[in-house]
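S.K.: Requesting a structural model of the entry that follows:
(2 chains)
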2 protein chains.
Amino acid sequence: MGAAKTAISPTRVEDYPEWYQQVIKGADLAENSAVRGCMVIKPWGYAIWENMQRVLDQMFKDTGHQNAYFPLFIPMSFLEKEAQHVEGFAKECAVVTHHRLEPDGKGGLRPAGLLEEPLIVRPTSETIIGATYAKWVQSYRDLPILINQWANVVRWEMRTRLFLRTTEFLWQEGHTVHATSEEAMEETRKMLDVYADFVENYMAVPVIKGEKTAGERFPGADMTLSIEAMMQDRKALQAGTSHFLGQNFSKAQEIKFQDKNGEIAYAWTTSWGVSTRLVGALIMTHSDDDGLVLPPRLAPSQIVLIPIYRDEAQHAEVLEYCKALKQELAAQMYSEQKIRVDIDDRDVRSADKKWYHIKRGVPVRIEIGPKDIAKNAAFVGRRDTNQSQSMPRDELVGGIVAMLTEIQNNLFSRALAMQKANTVELKSEAEFREFFQPDDEQGQSTGGGFAKCWFASEAEVQGLLDELKVTIRCIPLDAPSGEGVCFLTGKPTATQAIFAKSY
Amino acid sequence: MGAAKTAISPTRVEDYPEWYQQVIKGADLAENSAVRGCMVIKPWGYAIWENMQRVLDQMFKDTGHQNAYFPLFIPMSFLEKEAQHVEGFAKECAVVTHHRLEPDGKGGLRPAGLLEEPLIVRPTSETIIGATYAKWVQSYRDLPILINQWANVVRWEMRTRLFLRTTEFLWQEGHTVHATSEEAMEETRKMLDVYADFVENYMAVPVIKGEKTAGERFPGADMTLSIEAMMQDRKALQAGTSHFLGQNFSKAQEIKFQDKNGEIAYAWTTSWGVSTRLVGALIMTHSDDDGLVLPPRLAPSQIVLIPIYRDEAQHAEVLEYCKALKQELAAQMYSEQKIRVDIDDRDVRSADKKWYHIKRGVPVRIEIGPKDIAKNAAFVGRRDTNQSQSMPRDELVGGIVAMLTEIQNNLFSRALAMQKANTVELKSEAEFREFFQPDDEQGQSTGGGFAKCWFASEAEVQGLLDELKVTIRCIPLDAPSGEGVCFLTGKPTATQAIFAKSY
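M.R.: Predicted coordinates for the structure are as follows:
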């Protein structure tokens, strides 16, 4: 693990975008499929997503939500009902037009059975779920409706990248209905907090909570809140969004109810979602030039035991020792679950095994050979620091929960330090241009980070942002109040936002 | 709960198909959506599916499988590669032909961006997964591949019915690859056993394990095993299938590997699946004329506490008692999980609450009023027997696990008795015709059941089966060996099968 040799080539410094692809390949997380823009999520990648799902699902239930399932297809006419919504999604959706195949007379097949109305594969489900809610909601007694759905969605992206932007992706989408604006707003904020809690405390990725500017809102929303994370190339990644939809969708879809005074009112709705994109954020925040680094709370395997032996007699002895050690480790609780421990007893060279697990990001590797057994010790490697040391067995067993906790915390601290070190306040166009240099030819960021800037008008700064490929990420919820001076126009303004290049 | 009044109308005897719809409505399980043939699975129905998923997922993992995720879309050309497979699925599939919408010039939208090759929304994933496996498998060292996927699939069914047959449904599909025929066959049988274990021991639905005849096989399979359950109208429902695919798909998709002798060989594959159809089987096996009846191991709520009170003072007292009781009940383990207990403290008449939970099939209802508290007792109703009685609190708390176990067992025994009572051996065409009377005008079975019949040739009996709307369900794995006489032709034969009308 010296400085010279790395398991992943190229390194982050050499070519960050390609490094990202190679980390995914090296960790066996996912690959491109034969279908344009759709990925295959491989077992190790899917196991990370399952862990994310399990934690998030419990958080949703703890905040009063239930799961349900709504159709994959949306009639084209439903999409037309909300003008901004269709504007946002019509340009990139999969359209089902036929319901069977027939021989084409040339030995192949062709679509047949033309549908009366085309169906859209859901890019998001506000319209189809809203149409259902309109039937469910009659009285204020039917409210609130607090429902989440785990589903696949399709957006016909032109440029795709594993996990970050794929044609099909997996996500959850919460859709809630409330009697009052205040309640819907409270829900919108609450779910942003749930996301921030999850991303910071489980993914160990620090985020900035903020509000999107009008130009960056979800199509059809009155307000969009997001959490923004900084990747190691200092670009921003939007990790989750929570939308206050006002009465836009309830008016488009007639979600009405009789209120306590007997009057008919339109309901207030919200929606919120996170997706398999989070796996991309996880990869890009923690991984290093040896591959994936996983935070213990989400690692499918938190500890791997690697038996080291020369012959079958040693093998049997070492394996027995490993099994006993596994039992003791796996009996302990970490993050409200039994510790996940595996023994890698494959017939593979132990050096190859070690690198295999390094590349897959297993938080703790424990190598056990006859010499270790002789001194009742183990050789323990931490993936976060890439430090290894021999430890007495008792100390290892007794301290494993503390070690996992320390790794989890270390990853977060490191990412937070990176984010803080690359967040600056900029006060002029010159400073702004200096900070946001163009990407190099590999699409690699050559500087930049999060820039806090006072600005007066989204329209006035748009030209500069387009030129530099920078976007307004959010107006942080903890942005300073008071007044500042627009970095571009010098006009007085009450708004400070985070500007960054982004994924 | 007298004989005169039932919560569900019509009753099973009056109109079984309509009773089924009304049970679903009364229990709030699902409803039809605005999209033809696609259902909305409501929270109570989805929670049952989640419980099924949790148990099955663990069973799959315990038998060495990992989860992964493959694309929703299948290129049309992939489907063409396996002749029988395309024959089986081409007539009922959703075809994506465009990737965006554009204004149609009349204020609406129309499909645009024609795809070079149409995409099929997966009706099952052998072809797209097989194409991926072909890349993964190079050597015998890469085998076996044991992967499961939880996913939605689409089959354009002309006649749909909630849970039983819907255009989109949720399921899991296992897809495995093996080096030898024997290993693939063992996997095929093992997964059938897993399904039978789940359906009998969790769903409390007895099944017959058997092999499908050639005419009833999965398109492209060399052998299909299934589990068949008897519904209360004596029709059969195929509850799960496990397919030995031989080398058919590996040859169509070039899943080849270098074996231990250095020779290139085609691999052997299997696939197996169960779907949200199981929810339909659950409903139709146990429910009665008062609505849904849930087996405790899968019930989202195993016990509901209903506070009975007249005024706010009583309410406070009763609620406090309920909360304490809930804690004691919910602290106990049943079926490897904490018992799931809810308090229904809604502002609704207690009689309405009672019927609400009866219709939703909650296994145990506990009503608590001031009088019960005074004598330290509770009024306990069992959904399986519809019997209620006052029980001392201690006896209730101490015996709750036994009671849930007894309910679970009782449901299974009852269903098994029903199945046995309606399974007969038939020896002649006359007996066969007498047993399988035509359905009445509501599509209701007027007799029938499972008929064990020796038969010589699938082709020879097909005409009679079509006439009576009967199918061969399976050749039971425990069918008698030896020889019999074909019920129709009188020819000698070694094959006895189960014949039944079916869903």
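
S.K.: What's the biggest helix in chain A, counting residues?
M.R.: The longest helix of chain A (DSSP state H) is helix A:393-421.

S.K.: Which strands and helices lie in contact with that one?
M.R.: Counting contacts by 3 or more Cβ pairs under 8 Å, 6 or more residues apart in numbering or on different chains; DSSP states H and E, helix A:393-421 packs against strand A:223-230, helix A:277-286, helix A:312-330, strand A:333-334, strand A:364-368, strand A:377-382. For the C-beta atoms, the positions are set from N, CA and C on the backbone; glycine is no exception.

S.K.: With mean pLDDT and mean neighbour count as added columns, please give the ones you listed in CSV.
M.R.: Formatted as CSV, these follow (pLDDT from 0 to 100; neighbours: other Cβ atoms under 10 Å in any protein chain shown):
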stretch, mean pLDDT, mean neighbour count
strand A:223-230, 98, 26
helix A:277-286, 98, 25
helix A:312-330, 97, 16
strand A:333-334, 98, 14
strand A:364-368, 98, 23
strand A:377-382, 97, 20
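
S.K.: Can you point out the buried residues in stretch A:249-258?
M.R.: A:249-250, A:252-253, A:255-257 (16 or more other Cβ atoms under 10 Å in any protein chain shown).

S.K.: Among these, which are located in strands?
M.R.: A:256-257 (DSSP state E).

S.K.: between the buried residues of stretch A:249-258, which is closest to chain B?
M.R.: Of all the buried residues of stretch A:249-258, chain B sits closest to A:Gln253, with 10.6 Å by Cβ to the nearest Cβ.

S.K.: Quick check, the residue in the stretch 301-450 of chain A closest to chain B?
M.R.: For the stretch 301-450 of chain A, Cβ to the nearest Cβ, closest residue to chain B: A:Asp347, 8.9 Å.

S.K.: What distance do you get for that residue to A:Lys5?
M.R.: 25 Å (Cβ to Cβ, to the nearest Å).

S.K.: So for those two, which sits in the more crowded spot?
M.R.: Neighbour tally, A:Asp347 and A:Lys5, criterion other Cβ atoms under 10 Å in any protein chain shown: the higher count belongs to A:Lys5, 9 against 6.

S.K.: tell me the SS of that one?
M.R.: coil (DSSP: H, G, I helix; E, B strand; the rest coil).

S.K.: residue ranges with poor pLDDT in the stretch 1-150 of chain A?
M.R.: A:1-4 (pLDDT under 70).

S.K.: Recalculate using a threshold of 90.
M.R.: A:1-5, A:79-88, A:90, A:106-107 (pLDDT under 90).

S.K.: for the stretch 351-500 of chain A, same thing?
M.R.: Ranges of the stretch 351-500 of chain A meeting pLDDT under 90: A:437-447, A:479-481.

S.K.: Show me the helices in chain A, by range?
M.R.: Going by DSSP H, chain A shows helices at A:16-27, A:43-62, A:76-80, A:83-89, A:126-136, A:181-201, A:248-253, A:277-286, A:312-330, A:350-359, A:370-374, A:393-421, A:429-435, A:458-468.

S.K.: Buried deepest among those, which one?
M.R.: Comparing these by mean neighbour count (mean count of other Cβ atoms under 10 Å in any protein chain shown), helix A:277-286 comes out on top with a mean of 25.

S.K.: could you say what helices and strands that helix packs with?
M.R.: Right, helix A:277-286 is packed against helix A:16-27, helix A:43-62, strand A:223-230, strand A:236-244, helix A:393-421 by 3+ Cβ pairs under 8 Å, 6+ apart.

S.K.: Please convert these to TSV, extending it with distance to A:Gly130.
M.R.: Shown next, in TSV, are these (distance: least, Cβ to Cβ, whole Å):
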stretch	distance to A:Gly130
helix A:16-27	36
helix A:43-62	19
strand A:223-230	17
strand A:236-244	13
helix A:393-421	37
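
S.K.: Tell me which of those lies nearest to B:Phe73.
M.R.: Across those, B:Phe73 has its closest neighbour in helix A:43-62 (18.3 Å, Cβ to Cβ).

S.K.: Return the distance of that closest one from the chain's centre.
M.R.: Relative to the chain's own centre, helix A:43-62 is displaced by 11 Å; criterion: Cα atoms, centre = their mean, to the nearest Å.

S.K.: angle of that helix against helix A:181-201?
M.R.: Helix A:43-62 and helix A:181-201 are oriented at 140 degrees to each other (axes from the mean of the first three to the mean of the last three Cα atoms, to 10 degrees).

S.K.: Check which helices and strands helix A:43-62 sits against.
M.R.: helix A:16-27, strand A:145-154, strand A:168-178, helix A:181-201, helix A:277-286, strand B:66-67.

S.K.: among those, which is nearest B:Phe487?
M.R.: strand B:66-67 (45.0 Å).

S.K.: Parallel or antiparallel, list what pairs with the closest one.
M.R.: Applying DSSP bridges, strand B:66-67 is found paired with strand B:145-154 (parallel).

S.K.: Please tell me how far the strand it pairs with is from the chain's geometric centre.
M.R.: That offset, for strand B:145-154, works out to 16 Å (Cα atoms, centre = their mean).

S.K.: for chain A, which residue is closest to the average position?
M.R.: Most central in chain A under Cα atoms, centre = their mean is A:Leu278, positioned 1.3 Å from the mean C-alpha point.

S.K.: wait, isn't that one in contact with A:Tyr195?
M.R.: No: between A:Leu278 and A:Tyr195 there is no contact under Cβ atoms under 8 Å: 9.4 Å.

S.K.: Need the overlap of contacts for the two.
M.R.: A:239-240 (Cβ atoms under 8 Å, 6 or more residues apart in numbering or on different chains).

S.K.: what is A:Gly273 paired to in the beta sheet?
M.R.: According to DSSP bridges, beta-bridge pairing links A:Gly273 with A:Glu173, A:Thr241.

S.K.: A:Arg165 too?
M.R.: A:Arg161.
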